[in-house]
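Asker: Prediction below, plus the sequence it came from.
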Amino acid sequence: MLFHGIDRNPAKIKPGVAHVPGWLDTPTQQGLVQQLRDEARLMAGTPMAMQKPVLKSGGQMSVFMLNLGHFWDHQTYRYVDRMGATNVRPVPQNLLDIAHGGLRAAADVAEELQPWTTNYHPDMALINFYPPGATMGMHQDAYETTFAPIVSLSIGDEAVFRIGSTEHRNKPWDDIALLSGDLVVFGGPNRQAFHGVPETRPGTLDESCGLKEGRIKITFRQVYPH
Ligand SMILES: O=C(O)CCC(=O)C(=O)O
Ligand SMILES: [Fe+2]
């Protein structure tokens, strides 16, 4: 446990940004890992298979992605529901329930999120798998047509989640150590904050989370108005 001894209380990082350590219990993490493995298996061999996206810039991400609800086409940077003959699969209800619970827990920490708790309709779940050592550059989640908060959960290896300004990808930023079961929500005035994962820490997970290596991040988004 690399982060032993540091502050692990629920924290408002800045307006609209909440970190709730250990929000998701271990049996639930394990159940989700199994469920998401099954979801990935169903899409294997299709254009929506879990894959490391090659962006239209030509670069390939080091993170595997699986899309539920809507599919973010990494060649056009648009959400679609179909690729060729393949339809996107729905976000399972138990995941939606977790998203709602996560937002409520976060709103107790960052009151700027409070107005969304009665008007939140997530319609997309992005499942990221970080193989040992994978990272993600600073970016905005900018392709949704709503400003609903982003609700996200970490499972597996420890990681550093970096969240900066809404204006640019440079300092100042906050680095948040995420452990398995941690919840991060960003919305309100920081919905468009640049964020990324500069570091994942291989070999730090406890296998009771359901993973033998790497890290899963589940990110809930509301792409369309309700
Ligand atoms: O893995 C994380 O913690 C961040 C993931 C993310 O920002 C994204 O997939 O858009
Ligand atoms: Fe993101």
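Answerer: Nice, I can see it. Ligands and ions are numbered 1, 2, ... in the order given.

Asker: I figured Tyr79 hits Leu68, correct?
Answerer: No - with contact defined as Cβ atoms under 8 Å, Tyr79 does not reach Leu68; the gap is 11.9 Å. For glycine as for every other residue, the C-beta is placed from the backbone atoms N, C-alpha and C.

Asker: overlap in contacts of the two?
Answerer: Common contacts of Tyr79 and Leu68 (Cβ atoms under 8 Å, 6 or more residues apart in numbering): Met124.

Asker: Relative to ligand 1, which residue of this structure is the closest?
Answerer: Proximity of the chain to ligand 1 (Cβ to the nearest ligand atom) peaks at Lys217, 3.4 Å away.

Asker: Show me the beta-bridge partners of the residue lying closest to that residue once chain neighbours are set aside.
Answerer: Excluding the flanking residues, the one nearest Lys217 by Cβ to Cβ, 6 or more residues apart in numbering is Asn128, at 4.4 Å. Beta bridges link Asn128 to Met65, Lys217, judged by DSSP bridges.

Asker: before we move on, the earlier item: ok, how many other residues are close to the residue of the chain closest to ligand 1?
Answerer: Using other Cβ atoms under 10 Å, Lys217 has 23 other residues around it.

Asker: 42 is where my numbering starts, stick with that
Answerer: From this message on, residue numbering opens at 42, which makes the last subject Lys258.

Asker: quick one: pLDDT of it?
Answerer: pLDDT, Lys258: 98.

Asker: For it, which residues are in contact?
Answerer: 167-169, 171, 193-196, 200, 238.

Asker: can you pick the most crowded of those?
Answerer: Ser195 (30 neighbours).

Asker: give me every residue that touches that residue.
Answerer: 202, 219-223, 225, 256-258.

Asker: Which residue, neighbours along the chain excluded, lies closest to it?
Answerer: In space, and not counting its chain neighbours, Ser195 is closest to Leu219: 4.3 Å by Cβ to Cβ, 6+ apart.

Asker: before we move on, back to that, can you put the contacts of Lys258 in a markdown table and add pLDDT, distance to ligand 1 and secondary structure?
Answerer: Shown next, in a markdown table, are the contacts of Lys258 (pLDDT from 0 to 100; distance: Cβ to the nearest ligand atom, whole Å; DSSP: H, G, I helix; E, B strand; the rest coil):
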| residue | pLDDT | distance to ligand 1 | secondary structure |
| --- | --- | --- | --- |
| Leu167 | 98 | 5 | strand |
| Ile168 | 98 | 9 | strand |
| Asn169 | 98 | 5 | strand |
| Tyr171 | 98 | 7 | strand |
| Ser193 | 98 | 6 | strand |
| Leu194 | 98 | 9 | strand |
| Ser195 | 98 | 6 | strand |
| Ile196 | 98 | 11 | strand |
| Ala200 | 98 | 6 | strand |
| Val238 | 98 | 5 | strand |
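
Asker: quick one: which of those is nearest Leu65?
Answerer: Leu194 (5.7 Å; Cβ to Cβ).

Asker: Is it correct that the closest one is in contact with Leu136?
Answerer: No - using Cβ under 8 Å, Leu194 is not in contact with Leu136, being 9.5 Å away.

Asker: For those two, list the residues in contact with both.
Answerer: With contacts defined as Cβ under 8 Å, 6+ apart, the residues shared by Leu194 and Leu136 are Ile259.
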